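> just the structure for this:
(chains A, B and C)
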Amino acid sequence: MTPSESKGGGSASPEAPARASGVDLRVEGLRKSYGSVVAVHEVGFEIPAGKMISLIGPSGCGKTTTLRMIAGLEQPDVGRIVAGGRVLVDGDARLPPEQRDLGMVFQSYALWPHMTVFDNLAYGLKRRGHAREAIAAKVAEVLRIVGMSQYGERYPGQLSGGQQQRVALSRAIATEPGILLFDEPLSNLDAVLREQMRFEIRSLQQRLGITGVYVTHSQDEALAMSDQIAVMRDGRIVQIGRPVEIYGRPVSRFVAAFIGLTNIVELHGIEARGGGITGALPGGGSIRAGVGAISAALSRGTAAVSIRPVEIAIRRDAGSADADNRLAGRVRTTAFTGGLIDYFVDVGGGLELRVQTTPPAAAEPGEEVTLSFAADRTVVLED
Amino acid sequence: MTKLTFFDRPAIAWAIAAVWLAYLVAIPIGYMTVDSLTDNGLTLAAYAEFFEDPKLRTAMRNSLSVAAGVAVLSVLVGAPLAFGVARTQMHGRTLVSAAMIVCLVSPDFLLAMAYIALAGPNAGYFNQAIRTVFDLKMESGPLNIFTLWGLVLTALPHGVSYVFLALVPALRNVDPALEEASRVQGAGPLETIRDVTLPLMRPALLSGALLAFSGSLAMYGPPHMLRLNVLTISIRESLIRLDFKAASAASMILILMSLAALVLYRHSTRQAERFRTVGGKSFSERSGAEGRVAAAFTVLGIVYVLAVLVVPYGGMTVISLMKSVGMGFSAGNWSFDNYRAVFSDPAVRNAATLSVSLAASTATLVTVMGFLVAYVVIRMKLRGRWLLDYMSIIPLAVPGTALAIALAVVYLNPPLNALGLYGGFGILFVAYVTRFITFGVRTSQSSLIQLSPEFEEASRVGGAGGLKTVALITLPMMRQALVYAWLLVFVLALPELSASIILKGIHTQTLSTVLLDIWNGNGGLAQACAFGMTMFASVGILLLTAAAIAKRATGGLRIGT
Amino acid sequence: MDKKPRIRLLATAWIGALIAVAPASAQQKLTIYSAYENSQIAPLTKAFEAKNPGVSIDHFRQPGEELLATIELELRARSPKADVVGVNDASIAYLQRRHDAFEPYVAKDVEKARAELRSPQNVFTPAFVNLYLIHYNTRRISEADVPKSWADLLDPKWKNQIAMADPSSSQSVQSFVWFIADHLVKVDPARFGWDYFKRMGANGVHLESSHGTIRDLTVSGERPIGINLLANAQTAKNRGEPTSNIWPREGVPGELSAFGLLRAAKNKDLGKKWLDFIISPEGQGLMPASLGGAPVRNDVAYKYPDGSSLEQVKIIPVDSAFISENKRTQARKFHDAVGK
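Coordinates of the predicted model:
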């Protein structure tokens, strides 16, 4: 949480090692509207130096606008952004993008097609008035970091998508910025490369100790890369927390469904049971849930609960009697997806639950089965 | 069984397109090249004479300086206007865009005529006003249109339009992230324009500048009216002296200068991937700069529109209504007599009929054959299609006057004099089609490139033959582009002057040659203005139609890389 | 499929329109090529058409030198389209010498024309005498200030005020060039000769391709002084423009404008009728109001546009033979001297 030395004026010395040190970032009460449409509404978060936060949400949720306001590419109507003790924006007072000491990786990479890779990387260094030899050394260093040393004289148009992505990344870190911004940087890559780059970016960010803000609509990227995840919807942050928290304790139907697969089950006749609740299913039977918005559910009398498919055990026999929740059902269909097997199980009353297990298959379509899952894995949602 | 047709036999299609282009382009240019190099054996005598003649050397220097001046100034004026329209919230963006298209298709000699009345050193209305307002004691000046600068000024609006029309879409299509990345990397807005935006605009800028350059080299009307010594004028003077060798040599030199510019352009933009500016995802439209920046651009736009349209054509309208130009702005000096005289002149009526027929026939043939050539080049994977591509672009580098000399040489000598085209409709038709073929081919090409071949393949799989597929799938899908090409060629061909002035015959006077004749004393200044305004209005009306279609179809003006 | 007949109809209409563009020849048609403006020749052609019902005249005008090129190219392509050509006698001599283009014809009454104006071989029929004069804009130049002689035009106060014709396009200006460079030089070698044009060039003389344009520039005031032909001073006067003219002290070159019948004419009889008409008292009487020159018959009354009579103007007949033989070199010398 301690801010490292202020990097005002962007005058990092070229002799400094590639170990850039990030600065903490504080975003407060950002609001941005386009005409009558409010794109970003009271968005605020804090991220300590050297950590990575992901902004995730469906398109139009305001995540990119938030990122662009941090970059200075959009101006907030209201709000304050402070990085490493330096105020980037406070109401109408704001620094232009070029004075914010940032690195940014764009979705389209935004490599300048008329410059060589070297010139792309040297661009920001030249702005900072570094000597020619220092620039050459720095460019060589960052190219080596991303494994692109031999491509300095190429033009971006002569590189593959993955190589362009690496160049974009190295350009963003070449100036040793305090904060790195990522705008869906992997969305133009194929699945295999995306997977690989995900880890490369994460390890680079951690190695260099740069603070990161990562915008994505991919839950896999957000979960794998971040120290914090902020889930956004309709211009607001609906939940913010560590990846494990977001996955394990989603607060709403939206978060539960957006991050990871889940079954959402509607219950009525809510009663308190132990530390949690119990509620009736529409087709008979009941479910116990031990965590989440317990008191809200009790006062409302109805509740929606989220149960991840992997949390549900499936058996041909009746199973152990001490499970918190047990439901009988019939397997409608199954799907084999490699690492997992999916079962779609009709538990009566028009309710179908999705279950995932590792192979081998625990049941075949048409078979009667028993599903069981723990109450402390059954999360009561706020809405 | 579907009968095998033209579109199923690539070799035949190739051959027809090649023969056609060879007839239009290779034969006249080749014949003139040979003619200029021979005189009972191979000789450079005609060129030696050219370079020994100080007047011709001056003409060449003048042509080059004017063309270079127009190219440079077009960029300096056109680029800011394009930036204003594409990137700021300036007022009058539609107005400026419309003015650009109007300028492009209005004949350049109209502007020359108007500016002679406005900026003539002795009696030009501007000069009189300036002398009065500043109480200058001089009898003439300070502006003088009868100079090379005057010629540059009258040619400028065409050039500016070329640059503007190439640049606006290019500026709009740049992935904003390219510029944002520069800002994030520490460059200010002006540095970003200098280091990122402008270099990325190089192909568009150069394409506009090239068109401005070769267009200015090829000008005939304005230098004729301003009495300036440039190559097109020398060529015609050689022809009046019936010195075909000299005319051919001068034409070849003119063509070479223009070709050099074209080659230079192609060379400097050959690595297309270095200028590919469209990003991965589609981006929302930028809002653009507001406030003081936009206000500055608004002023620039308004001044420009005033200078190239409102003032000159307004001035021409005023003069066209004068009974006696010498009596100037006096009461009782106003009437529609000049319009009456123009409309009742049988020479004008004949010329109108001829020009409309010529322009319509040319537009039709150019559109049809342009499609054919484009189809062969884009869709038929045959060796040697680059040859067609090149032949179809060469006319762009052949000034109308030079082309006309080439055609005169070809059709006045055996064997093609047997066709009897010289002095009639035929030779004008050949000249027009050759001049404008590039537009037909280019428009069809850019449209065909955007049209996925899968539409046609689906039709073939669905059982239609080659011709049926072209007729039922390709042509309907290209309808807008074809209509646009037709209108563009029609509008450009209607006031064609630089080739017509050489090739007109007694019964084949075109609108522009008649106008030039009226200007040259056969009716006088006021009547010329009345006629000019009539032409301007007709072209303007045609243009509204064309512009509406152009909005939807692809722009055919840029020379693709 | 129902569209096909419509397309065929359109195509037919199209071809029909193209054919309609070609000259219709329902009537008897006389084709005249001349260097005179349509509006100038109109009174003559209208009168001729009135006298000859069923005849229509097709007139084609170009500045003289350009017209010569057109005619030469047509002769070369062996398809001359004109019946009658109206230019100055030097140009007629030029075409005759190079192409033997004209058919001799003795027009009716031609003996009434002054002897020195008649063609010895009857190659042309004289039409009118065209004189050079100083044409000026009365609103821009006061009566007291007006240059009174050709030499006055060199006065620096007329810098950038004078226009004259360019021999690249104009035939008549050859007469003026001859007058200054080959005639007056003998009278006053200090002021005249090629040096005169050199000084004109230095004085910013503006060269135009035709005398009609020079008249328009004088009228508009852009070039308030024009070295022009009588015919154009007359048209300006007829139009009520604020111009007048000066007969310079040194005298004025007079050239003869004439019509000739082409050997290849398709309508020779009509052409001959035209030549008869030109020299007839009616045709001659129309000259001042039409082509603007002085009649070639002494029995036709005439006054110059400024009111002076024939005797008051000192006319120096130009050497047409010299001009027709030397016009290329003369033009070159002229351009070298003027420096444009």
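> from now on I want contacts and neighbour counts done on CA atoms only, so please keep to that.
Noted.
> how is the chain carved up into domains?
Using chain A here. A:8-253, A:262-380 (automatic domain parsing).
> wait, chain B was what I had in mind.
Split into domains by automatic domain parsing, chain B comes to B:10-36+B:325-561, B:44-172+B:198-320.
> the shortest one - what's its average pLDDT?
Along domain B:44-172+B:198-320, the predicted local confidence has a mean pLDDT of 87.
> what about the strands in chain B?
In chain order, chain B shows no strands, with DSSP state E as the criterion.
> also chain C?
Remark: strands assigned in chain C by DSSP E are C:28-34, C:55-61, C:84-88, C:125-137, C:162-165, C:206-208, C:225-229, C:243-246, C:252-261, C:294-295, C:315-317.
> hmm, back to that, so which of the domains of chain B gets nearest A:Gln107?
A:Gln107 lies closest, by Cα to Cα, to one member of these: domain B:44-172+B:198-320, at 7.3 Å.
> quick check: end-to-end length of that closest one?
Using Cα to Cα, to the nearest Å, one end of domain B:44-172+B:198-320 lies 49 Å from the other.
> centre of the chain to it, how far?
Distance of domain B:44-172+B:198-320 from the chain centroid (Cα atoms, centre = their mean, to the nearest Å) equals 11 Å.
> tally up the residues packed near C:Lys186, please.
Residues lying near C:Lys186 (other Cα atoms under 10 Å in any protein chain shown) number 12.
> report the separation between the residue nearest to A:Ala374 when sequence neighbours are not counted and B:Leu365.
Among residues not flanking A:Ala374 along the chain, A:Asp324 sits closest, at 5.2 Å (Cα to Cα, 6 or more residues apart in numbering or on different chains). From A:Asp324 across to B:Leu365, the span is 84 Å (Cα to Cα).
> before we move on, what about C:Glu74?
The value you get for C:Glu74 to B:Leu365, if Cα to Cα is used, is 29 Å.
> do A:Pro113 as well
The gap separating A:Pro113 from B:Leu365 is 40 Å, by Cα to Cα.
> JSON lines for the domains of chain A, including mean pLDDT and mean neighbour count?
As requested, the domains of chain A are exported to JSON lines (pLDDT from 0 to 100; neighbours: other Cα atoms under 10 Å in any protein chain shown):
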{"stretch": "domain A:8-253", "mean pLDDT": "89", "mean neighbour count": "20"}
{"stretch": "domain A:262-380", "mean pLDDT": "89", "mean neighbour count": "18"}
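> ok, and the closest non-adjacent residue to the residue in the stretch 51-200 of chain A that chain C sits nearest to?
Closest to chain C within the stretch 51-200 of chain A is A:His114: 46.7 Å, counting by Cα to the nearest Cα. Leaving aside its chain neighbours, A:His114 sits nearest to B:Arg274 (4.6 Å; criterion: Cα to Cα, 6+ apart).
> what do you get for B:Ser248?
Closest residue in space to B:Ser248, ignoring its immediate chain neighbours: B:Ser36 at 5.5 Å, by Cα to Cα, 6+ apart.
> list the contacts for that neighbour?
When contacts are counted by Cα atoms under 8 Å, 6 or more residues apart in numbering or on different chains, B:Ser36 touches B:44, B:46-47, B:245-246, B:248-249, B:252.
> got a ChimeraX select line for the buried ones in those?
To isolate the buried ones among the contacts of B:Ser36 in ChimeraX, judged by 16 or more other Cα atoms under 10 Å in any protein chain shown, type:
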select /B:46,47,245,246,248,249,252
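> which one of the contacts of B:Ser36 is nearest C:Pro104?
B:Lys245 (33.7 Å).
> the closest one against B:Thr33, yeah?
No. Using Cα atoms under 8 Å, B:Lys245 is not in contact with B:Thr33, being 10.4 Å away.
> any idea which element the residue of the stretch 51-200 of chain A closest to chain C lies in?
Element membership for A:His114, per DSSP states H and E: none, as it lies in no helix or strand.
> that one: what's it in contact with?
By Cα under 8 Å, 6+ apart, A:His114 lies in contact with A:155, B:199-200, B:274-275.
> phi and psi next, for the residue nearest the centre of chain C.
Nearest to the geometric centre of chain C sits C:Ala35, at 4.8 Å (Cα atoms, centre = their mean). In terms of degrees, to the nearest 10, the main-chain angles of C:Ala35 are phi -100, psi 10.
> state the distance from it to B:Met322.
Separation of C:Ala35 from B:Met322 (Cα to Cα): 26 Å.
> now A:Val167. Nearest residue, chain neighbours left out?
Spatial nearest neighbour of A:Val167, excluding adjacent residues (Cα to Cα, 6+ apart): A:Val117 at 7.0 Å.
> who are the contact partners of C:Ser308?
Contacts of C:Ser308 (Cα under 8 Å, 6+ apart): none.
> and the gap between it and chain B?
Between C:Ser308 and chain B the distance is 23 Å, computed by Cα to the nearest Cα, to the nearest Å.
> got the residues of the stretch 201-350 of chain B near chain C?
Neighbours of chain C within the stretch 201-350 of chain B, by Cα under 8 Å from any Cα of the partner chain: B:227, B:229, B:237, B:239-242, B:324-328, B:350.
> right, I mislabeled it, should have said the stretch 451-561 of chain B
Looking at chain C, the residues of the stretch 451-561 of chain B close enough under Cα under 8 Å from any Cα are B:506-507, B:517, B:519-525.
> which of those sit farthest apart?
Among those, B:His507 and B:Leu525 lie farthest apart (Cα to Cα), at 23.8 Å.
> counting neighbours, go ahead and name the busier of these two.
Set B:His507 next to B:Leu525 and count neighbours by other Cα under 10 Å: B:Leu525 wins out with 30 against 19.
> how many neighbours does B:Leu206 have?
25.
> OK, contacts around it?
B:Tyr265.
> and the gap between the residue nearest to C:Asn88 when sequence neighbours are not counted and C:Gln284?
Among residues not flanking C:Asn88 along the chain, C:Ser257 sits closest, at 4.1 Å (Cα to Cα, 6+ apart). To C:Gln284, C:Ser257 is 12 Å away according to Cα to Cα.
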